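>>> compute the structure for the input listed below.
(one chain, ligands or ions: 1)
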Amino acid sequence: MAVLGIDIGGTKIAAGVVDADARVLETAVVPTRACEGYATSYAQLKSVIDKLLRDGVTAIGICAPGPLNPKTGVVINPPNLPGWVNIPLAEQISKEFQLPCRVENDANAAGLAEWRFGAARGYSTVFYVTVSTGIGTGIILDGKIHHGKNGQAGEGGHVTIDYRSSSICGCGLPGCIEALASGPAIARRAGMPPEEVGRAAACGDPRAIEMLDETALMLGAWLGSAISLLDPDIIVIGGGVAQIGEPLFSRLRRITPERSINQFAAETPIVPAALGAQVGILGAACTVL
Ligand SMILES: [Zn+2]
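Residues are numbered from 1 along each chain as shown. Below you'll find the predicted structure:
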């Protein structure tokens, strides 16, 4: 038995045939051509499915940037997929290919994949975080994505940590953690890419150390609040900024418990994601496995 896992991003659509043991048997990548609008991107999506579809594939799982409604499979209006407005994507793909199809928010799907196959395997309650161009989160409760009433839960990147901040987030609100500690926010403050901040800090560069301390303080305050709120078994952090590695994680492990009322916070593991670049394909697949 196998399924198709498809990761729709603003620049490329990556897809793979995935079996129940998380083996990615075959992959295909096509450009999204998002700026040419919905019809072109949808044709690209169909072409990648045609390329990979074979006997034994029982379902199609798709992950895409939000906002979307995983309960109905409707893509609402993702900023980096222009023209995708209220598209009943799950229904369309299901009809077109005569297979069950689910559509999931990309961070939720990645969290599910880390729970099923990656760093959070064997745990029950998981707070998954990806820190890259934006900050995305997925909440896994008892092995299921927490969707909330309207399918909009888990938007942890838009939790306000400084309500008076002059940093306005892409969502329009001031002081979201995404506006303050995402890759671009770090690069803007530090004047260098996040990965370099880690390297320079490890070499003793005082400015880089200051930037890293500040970023870890913001992320740690945010993660500490998440522990107070969710009391998770584990926190898994992926995305480009997590590539900073130990210089970031050691700070987060120190600061996070200091910023939580949960007296067990220090025992909550904070670990790097395990699945790497194929997390999107695996996550999409997990929604239908
Ligand atoms: Zn925001």
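>>> the longest helix seen in the chain near the ion at all?
In the chain, taking DSSP state H as the definition, the longest helix is helix 206-230. No: using C-beta under 5 Å from the ion, helix 206-230 stays clear of the ion, with a minimum separation of 12.3 Å. C-betas here are computed from N, CA, C, even on glycine.
>>> so which bits of that helix are buried?
For helix 206-230, a neighbour-count test (16 or more other C-beta atoms under 10 Å) marks 208-209, 211-212, 215-227, 230 as buried.
>>> same question for stretch 251-268.
Within stretch 251-268, the residues scored as buried using 16+ other C-beta under 10 Å are 251-253, 255-257, 259-260, 262, 265, 268.
>>> what's the answer for stretch 7-26, then?
Result for stretch 7-26 [16+ other C-beta under 10 Å]: buried residues 7-10, 12-18, 22, 24.
>>> quick check: mean pLDDT of that stretch?
The average pLDDT within stretch 7-26 is 94.
>>> what's the end-to-end length of it?
Distance across stretch 7-26, first residue to last, is 14 Å (C-alpha to C-alpha, to the nearest Å).
>>> which bits of the stretch 101-250 of the chain sit near the ion?
158, 169, 171, 173, 176.
>>> please identify, among those, the one with the most neighbours.
Most neighbours among these, by other C-beta atoms under 10 Å: Cys176, with 29 neighbours.
>>> verify the stated contact: that one with Tyr163.
No: using C-beta atoms under 8 Å, Cys176 makes no contact with Tyr163, being 10.0 Å away.
>>> ok so, going back, quick one: which of the residues of the stretch 101-250 of the chain next to the ion has the lowest pLDDT value?
pLDDT across those is lowest for Cys171, at 89.
>>> could you find the closest non-adjacent residue to Ile255?
Leaving aside its sequence neighbours, Ile255 sits nearest to Gly220 (C-beta to C-beta, 6 or more residues apart in numbering; 3.0 Å).
>>> ok, that neighbour - contacts?
Contacts for Gly220 (C-beta atoms under 8 Å, 6 or more residues apart in numbering) come out as 251-252, 254-256, 258-259.
>>> and stretch 94-101, what's buried?
Buried, per 16+ other C-beta under 10 Å, within stretch 94-101: 94, 97, 99, 101.
>>> contact partners of the helix or strand bottoming out on mean pLDDT in the chain?
In the chain, the helix or strand scored least confidently by mean pLDDT, DSSP states H and E is helix 194-202, which has a mean of 90. Residues from elsewhere that reach helix 194-202, judged by C-beta under 8 Å, 6+ apart: 183, 186-187, 190, 192, 207-209, 211-212, 215, 240-241, 243-245, 247-248.
>>> list the buried residues in stretch 66-82.
Neighbour-count burial for stretch 66-82 flags 66-70, 73-75, 78, 80-81 (criterion: 16+ other C-beta under 10 Å).
>>> helix, strand, or coil at Ser94?
Put simply, Ser94 is helix when judged by DSSP: H, G, I helix; E, B strand; the rest coil.
>>> retrieve the pLDDT associated with it.
With respect to pLDDT, Ser94 scores 98.
>>> what do you get for Pro67?
Predicted confidence (pLDDT) for Pro67: 88.
>>> could I get the phi/psi values of it?
phi -80, psi 140 (degrees, to the nearest 10).
>>> so what's the nearest residue to it once chain neighbours are set aside up against?
Take Pro67 and drop its neighbours on the chain: the residue closest to it by C-beta to C-beta, 6+ apart is Ile76, 4.3 Å away. By C-beta under 8 Å, 6+ apart, the residues touching Ile76 are 66-69, 85-86.
>>> which one of these is nearest Cys35?
Val85 (15.2 Å; C-beta to C-beta).
>>> the nearest residue to that closest one once chain neighbours are set aside and the ion: what is the separation?
Using C-beta to C-beta, 6+ apart and skipping the chain neighbours, the partner closest in space to Val85 is Asn77 (4.9 Å). Using C-beta to the ion, to the nearest Å, we find Asn77 at a distance of 15 Å from the ion.
>>> was I right to think Asn77 contacts Pro67?
Yes: between Asn77 and Pro67 a contact is recorded at 6.6 Å, counting by C-beta under 8 Å.
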